[in-house]
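[1] Okay, structure incoming, though there's no sequence with it:
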């Protein structure tokens, strides 16, 4: 199948269904983020926090590449996160000219609390499902995650690029 060929019909149907599921999850998780007692960050800032949580000590340039974000808006996001005490800048160990971005303990605690709240909200939804349905969902989700990781631009490719 060529790069511009449409995916098979069943793949399109599955993608449509999964998009609807993801939209529902985004709504559920956004409500959880807004209900968090320390609702301090925007969705864009949260994306930066997640990226920094996955790669400690990354430069602004590398963070921009990982998030596919322009340097200027990303720098402003990081400045706001630094002002809230979630990000700290430090000189790079590899280059005296570069600055590395790190999460603070406050940011790590915030992400932990947020993730726990989101897991609780998701568990409430999963509790409405039969055990066999939950098991099938877990197996399917693991298969999808593996496929997404292997896909160009997936997590496996990002890890390889960071280690290069």
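    Great, that's in hand. Keep in mind that this is a model prediction, so the values were computed, not measured.
[2] Distance from whatever helix or strand residue 109 lives in to the middle of the chain?
    Using DSSP states H and E, residue 109 sits within helix 105-126. Computed by CA atoms, centre = their mean, to the nearest Å, the chain-centroid distance of helix 105-126 equals 13 Å.
[3] Show me what it is packed up against.
    Other elements packing on helix 105-126 under the criterion 3 or more CB pairs under 8 Å, 6 or more residues apart in numbering; DSSP states H and E are helix 9-35, helix 43-54. In short, each C-beta sits where N, CA and C put it, glycine included.
[4] and of the ones you listed, who's closest to residue 63?
    Residue 63 sits nearest to helix 43-54 of all the helices and strands packed on helix 105-126, at 6.0 Å, using CB to CB.
[5] quick check: mean pLDDT across that closest one?
    If you average the pLDDT over helix 43-54, you get 92.
[6] Please enumerate residues in contact with that helix?
    Residues outside helix 43-54 that contact it (CB atoms under 8 Å, 6 or more residues apart in numbering): 30, 33, 41, 58, 63, 66-67, 74, 77-78, 80-81, 86-87, 101-103, 107-108, 110-111, 114.
[7] let's see 6 Å
    66, 67, 77, 81, 101, 103, 107, 111 (CB atoms under 6 Å, 6 or more residues apart in numbering).
[8] before we move on, what about stretch 87-97?
    78, 81, 98, 99, 100, 101, 102, 104.
[9] Just after the helix holding residue 109, pick out the following helix or strand.
    Note on helix 105-126: by DSSP H and E, the next helix or strand toward the C-terminus is helix 131-150.
[10] that older thread, nearest to residue 145, out of the contacts of helix 43-54: which one, please.
    Comparing the contacts of helix 43-54 against residue 145 with CB to CB places residue 66 closest, at 18.3 Å.
[11] Tell me the spacing between that closest one and residue 52.
    Distance, residue 66 to residue 52, by CB to CB, to the nearest Å: 10 Å.
[12] These two - which one has more neighbours?
    residue 52 (25 against 17; other CB atoms under 10 Å).
[13] Relative to residue 140, which of the helices and strands packed on helix 105-126 is closest?
    Nearest of the helices and strands packed on helix 105-126 to residue 140, taken as CB to CB: helix 9-35 at 9.9 Å.
[14] how about the closest one: buried residues?
    For helix 9-35, a neighbour-count test (16 or more other CB atoms under 10 Å) marks 29, 32, 33 as buried.
[15] Repeat that for stretch 94-113.
    Neighbour-count burial for stretch 94-113, counted by 16+ other CB under 10 Å, picks out 100, 101, 103, 104, 107, 110, 111.
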